[in-house]
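*Asks:* Okay, predicted coordinates and the sequence, questions at the end:
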Amino acid sequence: MTTPEPPSRPPRETDQERAVRLQAEMLDAPMISEAAFRTKSRRAFVVGGAAALAGFLGWRWIGTQHEVENIPFLLREGHRLNEQLWRGLYNPDRLAPTFAVSRSRMPIANGSLGLRSDLDPDAWMLRVEGPDGALLDTLDLAAVQALPRVEMTTELKCIEGWSEIVHWTGARFSDFAARYVNQLPEGLPYVSLATPDGDYYVGMDMASMMHAQTLLCYAMQGAPLTMFHGAPLRLVTPLKYGVKLLKQIGIIRFSAERPADYWTERGYDWYIGH
Ligand SMILES: Nc1nc2c(c(=O)[nH]1)N[C@H]1C(S)=C(S)[C@@H](COP(=O)(O)O)O[C@H]1N2
Ligand SMILES: [Mo]
């Protein structure tokens, strides 16, 4: 009588083999032997190291480029290409999403550059300038509030990574600008906005300014602006990140040249649309 041979057992796997097998199963990848694994790791290490070195040298090289508006030339070129892309996609008839008022909330007050707590809203006057700072007009808040009143509920997006749906009330910038068409050269491409003290300033392209959802805003969440949110008048548009929504406007200038912009001077994209 012969007993059948017991089926030959595979040799016990070592802990390391087991780890490799489990990992391979997890990755749904073909298993490789430990020796092959070692070679691959070594190769990956060399390739990875070369990539890191190239990255480091590349970064150093970018750093040696001459600077344009305080950042290396190549990074500024990246911003420029980005701007071209977004400008190409711009369509004056396309509206940013709007939301039910019930979904809106008061955002945190973010950024207080150029805001003055001692500003007297009754004494405040908006200075309107043409190219080269030629004075066109000074007007009080009542004059802005006399323009057709617009309400909209849109998203405020901050580059710091938060956003909030906000209910805004104000006048369309296009209605405001219509007051000055006869006093201005045709086709001016830019608008500059600044706080009364000039400490915070933004540059805007005319197309974005003339968009139906770009407002000179005097109320938020149904109440007059508080000082920290830019009383008595601020810019609002859902086409741009929060940095462009200048609070406490003192000066609006229609401009032939691309205006200076506070955050562009500190490395950010000038156009900064989304
Ligand atoms: N004058 C002025 N306006 C400003 C800023 C600022 O620092 N000063 N910060 C901007 C930024 S980064 C954002 S996100 C919005 C925030 O608006 P809120 O304070 O009403 O939330 O205001 C913008 N307008
Ligand atoms: Mo912001």
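*Replies:* Nice, thanks for sending it over. Numbering: from 1, shown residues only. Ligands and ions are numbered 1, 2, ... in the order given.

*Asks:* going forward, measure contacts and count neighbours with C-alpha atoms only.
*Replies:* Fine.

*Asks:* Show me where the chain has its strands.
*Replies:* 67-68, 71-72, 126-129, 135-139, 149-157, 163-172, 190-194, 201-205, 215-220, 223-224, 234-236, 251-255 (DSSP state E).

*Asks:* count of neighbours near the residue of the stretch 151-274 of the chain found nearest ligand 2?
*Replies:* Across the stretch 151-274 of the chain, the shortest distance to ligand 2 (Cα to the ion) belongs to Cys158, at 3.8 Å. Per other Cα atoms under 10 Å, the neighbour tally for Cys158 reads 16.

*Asks:* Of the strands of the chain, flag the one that's most buried.
*Replies:* When the strands of the chain are scored by mean count of other Cα atoms under 10 Å, the highest mean neighbour count falls to strand 215-220 (a mean of 26).

*Asks:* and the angle from it to strand 149-157?
*Replies:* Comparing the axes of strand 215-220 and strand 149-157 via axes from the mean of the first three to the mean of the last three Cα atoms, to 10 degrees yields an angle of 90 degrees.

*Asks:* is strand 215-220 anywhere near ligand 1?
*Replies:* No: Strand 215-220 does not reach ligand 1 (Cα under 6 Å from any ligand atom); its nearest approach is 8.4 Å.

*Asks:* now for that strand, which elements pack on it?
*Replies:* Here strand 215-220 touches strand 163-172, strand 234-236, going by 3 or more Cα pairs under 8 Å, 6 or more residues apart in numbering; DSSP states H and E.

*Asks:* For these, give me TSV that also has distance to ligand 1 and mean pLDDT.
*Replies:* Shown next, in TSV, are the helices and strands packed on strand 215-220 (distance: least, Cα to the nearest ligand atom, whole Å; pLDDT from 0 to 100):
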stretch	distance to ligand 1	mean pLDDT
strand 163-172	8	98
strand 234-236	8	98
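
*Asks:* so can I have a markdown table of the ones you listed showing distance to Met204?
*Replies:* A markdown table is the format used below for the helices and strands packed on strand 215-220 (distance: least, Cα to Cα, whole Å):
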| stretch | distance to Met204 |
| --- | --- |
| strand 163-172 | 15 |
| strand 234-236 | 11 |
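
*Asks:* need those in TSV with distance to ligand 2, can you?
*Replies:* Putting those into TSV (distance: least, Cα to the ion, whole Å) gives the following:
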stretch	distance to ligand 2
strand 163-172	9
strand 234-236	12
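
*Asks:* re the thing from before, can you tell me how far the residue of the stretch 151-274 of the chain closest to ligand 2 sits from ligand 1?
*Replies:* Distance of Cys158 to ligand 1, computed by Cα to the nearest ligand atom, to the nearest Å: 4 Å.

*Asks:* Kindly report the same for Glu129.
*Replies:* 19 Å.

*Asks:* Test my guess that Trp129 contacts Ile251.
*Replies:* To be clear, residue 129 is Glu; Trp isn't right here. Yes: counting by Cα atoms under 8 Å, Glu129 touches Ile251, with 7.4 Å between them.

*Asks:* wouldn't Phe99 be in contact with Ile165 here?
*Replies:* Yes: applying Cα under 8 Å as the test, Phe99 and Ile165 come out as touching, 7.5 Å apart.

*Asks:* which neighbours do these two share?
*Replies:* 153-154 (Cα atoms under 8 Å, 6 or more residues apart in numbering).

*Asks:* Just give me the neighbour total for the residue lying closest to Tyr268 once chain neighbours are set aside.
*Replies:* Distance criterion Cα to Cα, 6 or more residues apart in numbering; nearest residue to Tyr268, sequence neighbours excluded, is His79 at 8.0 Å. Neighbours of His79 under the rule other Cα under 10 Å: 18.
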